[in-house]
Every structure is written in C-alpha cells, then in structure tokens.
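Novice: could you work out the structure for the sequence below:
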Amino acid sequence: MRILYAVLAIIAIVGCANDAAVEFGMNDESLLRGAAGDLAMRVLSIEVPEGGAYTPIWEGAERVQVVLQNSDFVSITNRYEAIEPGSYSSARVTVDSLKHVQQTVSTLLIDSTIAFIAQAFTPIVISEGAEMRLVVTIGAAVWFDSDSVKIKTGHEPFESAALRIYYDY
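Specialist: Here you go, the predicted model:
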C-alpha cells in the first residue's frame, strides 16, 4: 500500500510541474510624433531565466507585425505555452528580419539575428494553474527614428523593451 501511495504522490508532483500557461505577444505603447506604419519581424524564440541560464518557452519562426503607436496585443505564440510557476523579471526574445512597413513600402532595418531582453518593472508572479498573457512592449520611440526610417544613432533595436502582463480592457 505504501508503494501505491508513493507512486500516486510522484504522479501528483509530476502532474503539477509546468502547471501554468502563458501566451506571449508584442505591442508598441510609445507615442511617436507623426509616425505611421508598422514594425515587422520574424520571432525565433522566447526564453525566460532559470538559474544562471535561459530556458526556451517557445521556439519557431513567427512573422509578427506591430503597429506603431498602438497598445493592441499581437500574439507571437498564437496559443498558451507551458511555463513553470514562479516569479519572472525578464524574457529574452530572438528576432531577425526587422523591417518598417508603411502601406506598400518596406524598409529593411536589420538583416541579422539579434536577441534582446525585455525587463519587467516588478517581478511577474505566475501561479500554479494560472493562464496569463504577457506582452513585450518594444518601445520604438526610444530607438526608431520615424523621419529617417532608421534606427537612431547610438541606439540598439528594442533598447527599452519591457515585459508586462497584458490586460484586455
């Protein structure tokens, strides 16, 4: 009988692992003066810190188009992904092929793969059984010059990216 209880306890513990889910998305809550268009990219992975390294939550090749000056949620993962319950202060996002798109004109900004860290203002606690939507706010006003349609001199793409909980109002 003890063996049966031990096996059931192990199954219960294993069943609780990864018992939370998140959907990752992007938006740009910045207000660019007179800017128009979208930033389009291909997202390759989303990782969260675990110990001293980053653990992948999602990997793929998802094309994402984020409207400038807009706080709408644009999904990257297109569904909820399993995540360990815990406290998260950042996420690392890897993208390539960053472009500015305005109507039918597309301007290439980056032609290589880059990874950036989106920092949370305070740790985001994900409880066991929770389903949350997390958004990476790209903060384009800091690093993107809408007049020249280039990355601002002295700045890096996604320089002020933030990780937040997305609330659909």
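Novice: and the pLDDT for Q103?
Specialist: We have a pLDDT of 84 for Q103.
Novice: identify the residues contacting the nearest residue to it once chain neighbours are set aside.
Specialist: Closest residue to Q103 apart from its sequence neighbours, by Cβ to Cβ, 6 or more residues apart in numbering: G37 at 7.7 Å. Using the backbone N, CA and C atoms, a C-beta is placed for each residue, glycine as well. Applying Cβ atoms under 8 Å, 6 or more residues apart in numbering to G37 gives the contacts 68, 100-103, 146.
Novice: R42 now?
Specialist: By Cβ under 8 Å, 6+ apart, R42 lies in contact with 61-64, 95-97.
Novice: can you pull the poorly scored residue ranges out of this structure?
Specialist: Counting by pLDDT under 70, the chain contains low-confidence residues at 1-18, 30-35, 169.
Novice: could you rerun that using 90?
Specialist: Scanning the chain for pLDDT under 90 picks out 1-19, 28-37, 50-52, 67-72, 97, 102-105, 141, 145-148, 167-169.
Novice: which residue ranges form the helices in it?
Specialist: 2-16, 140-143 (DSSP state H).
Novice: ramachandran angles for the residue nearest to Q103?
Specialist: Note on G37: its backbone torsions stand at phi 100, psi -170 [degrees, to the nearest 10].
Novice: distance check, it against R79.
Specialist: 28 Å (Cβ to Cβ, to the nearest Å).
Novice: for S90, same thing?
Specialist: Distance, S90 to R79, by Cβ to Cβ: 22 Å.
Novice: and the two? which has more neighbours close in?
Specialist: The neighbour comparison of S90 against R79 (other Cβ atoms under 10 Å) goes to S90, with 18 against 8.
Novice: state the distance from the more buried one to P123.
Specialist: S90 sits 9 Å away from P123, going by Cβ to Cβ.
Novice: cool, and Y54?
Specialist: 16 Å.
Novice: next: E29.
Specialist: Applying Cβ to Cβ, one obtains 20 Å for the distance of E29 from P123.
Novice: ok, the two, which is more surrounded?
Specialist: E29 (16 against 12).
Novice: I'd guessed the more buried one sits against A140; true?
Specialist: No - E29 is beyond contact range of A140, at 9.4 Å (criterion: Cβ atoms under 8 Å).
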